[in-house]
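> take a look and give me a structure for this.
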Amino acid sequence: MRNILKKRYLIAVVLMLAIAAGLVREAGADEITIAAAADLTFAFKDVGEKFQEQTGTQVKLSFGSSGNFYSQIQSGAPYDMFFSADISYAKKLEDAGLTEPETLYEYAIGKIVLWAPRESKLDVGAGLGGLNDPAIHKIAIANPEHAPYGRAAVEAMRHEGVYDGVNDKIVLGENISQTAQFVQSGNADIAILALSLAVAPSMKEQGKYFEIPAADYAPIEQAAVILKSSRKKELARKFLAFLKTPATTSLMQRYGFSIPQTTPSNPVK
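Presented below is the predicted three-dimensional model:
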């Protein structure tokens, strides 16, 4: 009798585990994973929450540098979508046959700003020329080797003729979010950041910024693709369609992004 009860107990446990596993798989079925450029950290948390509210689909976000994500995806990283801060990375994946055909979409144009903590005595309004101030010992930018915002920062400093004079003061963040952390924590005096971070409520309260003229650097064209390896292509298409709605584009604009006009090469599907 004891053995029979033991067997029944084991069967019940196995059934419960099977049901739990089924629920996990079912929950995972309504989830998409997105590799997103770090400048989207605040904006996409809002976008993801609103998408989940409307569709019930959870958006699992990983933020980092576009160049690093590009390398990971080439090596088979299991993302459903890639939102790059540099359109060239998305195009390279498309050319390599790693994306769903005709899903490349230019979703935004980014901007850079000079940012310092609110209590800092530095005058960010002086623009990039103010980086020559002897009170500035460390200037944080994203690593230009793989972060588009870092490349834009270097280009803008060169355009303004200050790069050579401040080069030895520059400290590199792995991505634009880490760059922001450097200056927020006091490990840098000032930083060149994405406008989308500077206008986010938490950073807006903590700091002050000056928008660097767009003429100082090439447009930061940003693009998204759905990856061919994705098992959630239909959900990914729904997210891409959601991104193109007036309400979502308006939200992105509130975070400082310019939205490219719809063209034959940038279709709304």
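
> give me the low-pLDDT residue ranges for the stretch 51-200 of the chain?
For the stretch 51-200 of the chain, no stretch has pLDDT under 70.

> can you give me the helices for it?
For the stretch 51-200 of the chain, the helices defined by DSSP state H, counting those that start in this stretch occupy 66-74, 87-95, 148-159, 163-166, 176-184, 195-198.

> just say which of the ones you listed is most tucked in.
Comparing those by mean neighbour count (mean count of other Cβ atoms under 10 Å), helix 195-198 comes out on top with a mean of 26. Any C-beta I mention is one placed from the backbone N, CA and C, and that applies to glycine too.

> can you name the next helix or strand after that one?
As assigned by DSSP states H and E, the chain's next helix or strand after helix 195-198 is helix 201-206.

> circling back to that earlier point, dump the helices of the stretch 51-200 of the chain into TSV; add distance to Q206 as well.
TSV is the format used below for these (distance: least, Cβ to Cβ, whole Å):
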stretch	distance to Q206
helix 66-74	25
helix 87-95	30
helix 148-159	19
helix 163-166	23
helix 176-184	7
helix 195-198	10
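
> do you know which of these lies nearest L131?
The closest of these to L131 is helix 163-166. By Cβ to Cβ, the value is 4.9 Å.

> quick one: that closest one to chain centroid distance?
Its chain's average C-alpha position is 28 Å from that of helix 163-166, according to Cα atoms, centre = their mean, to the nearest Å.

> contacts for it, please.
Applying Cβ atoms under 8 Å, 6 or more residues apart in numbering, the contact partners of helix 163-166 are L131, N132, I136, I139, V154, M157.

> returning to what we had before: out of the helices of the stretch 51-200 of the chain, which is closest to D216?
Of all these, helix 148-159 sits nearest to D216, with 3.9 Å by Cβ to Cβ.

> the closest one packs against which elements?
For helix 148-159, the elements it packs on are strand 105-110, strand 112-117, strand 139-142, helix 163-166, helix 176-184, strand 190-194, strand 220-226, judged by 3 or more Cβ pairs under 8 Å, 6 or more residues apart in numbering; DSSP states H and E.

> could I get the ones you listed as JSON lines with distance to Y255?
Formatted as JSON lines, the helices and strands packed on helix 148-159 follow (distance: least, Cβ to Cβ, whole Å):
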{"stretch": "strand 105-110", "distance to Y255": "9"}
{"stretch": "strand 112-117", "distance to Y255": "12"}
{"stretch": "strand 139-142", "distance to Y255": "17"}
{"stretch": "helix 163-166", "distance to Y255": "28"}
{"stretch": "helix 176-184", "distance to Y255": "13"}
{"stretch": "strand 190-194", "distance to Y255": "9"}
{"stretch": "strand 220-226", "distance to Y255": "12"}
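
> any idea which of these gets closest to P148?
Using Cβ to Cβ, the helices and strands packed on helix 148-159 put strand 220-226 closest to P148, at 5.5 Å.

> and whichever helix or strand comes after the closest one, what's buried?
Using DSSP H and E, the helix or strand that follows strand 220-226 in sequence is helix 233-243. For helix 233-243, the buried set under the neighbour-count rule, 16 or more other Cβ atoms under 10 Å, comprises K233, L235, A236, R237, K238, F239, L240, F242, L243.

> and stretch 215-226, by the same measure?
Buried, per 16+ other Cβ under 10 Å, within stretch 215-226: D216, Y217, I220, E221, Q222, A223, A224, V225, I226.

> how near is A247 to F51?
Going from A247 to F51 by Cβ to Cβ, to the nearest Å gives 11 Å.

> picking up where we left off before, got the buried residues of stretch 215-226 as a markdown table, with pLDDT columns?
Below are these laid out as a markdown table (pLDDT from 0 to 100):
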| residue | pLDDT |
| --- | --- |
| D216 | 98 |
| Y217 | 98 |
| I220 | 97 |
| E221 | 97 |
| Q222 | 98 |
| A223 | 98 |
| A224 | 98 |
| V225 | 98 |
| I226 | 98 |
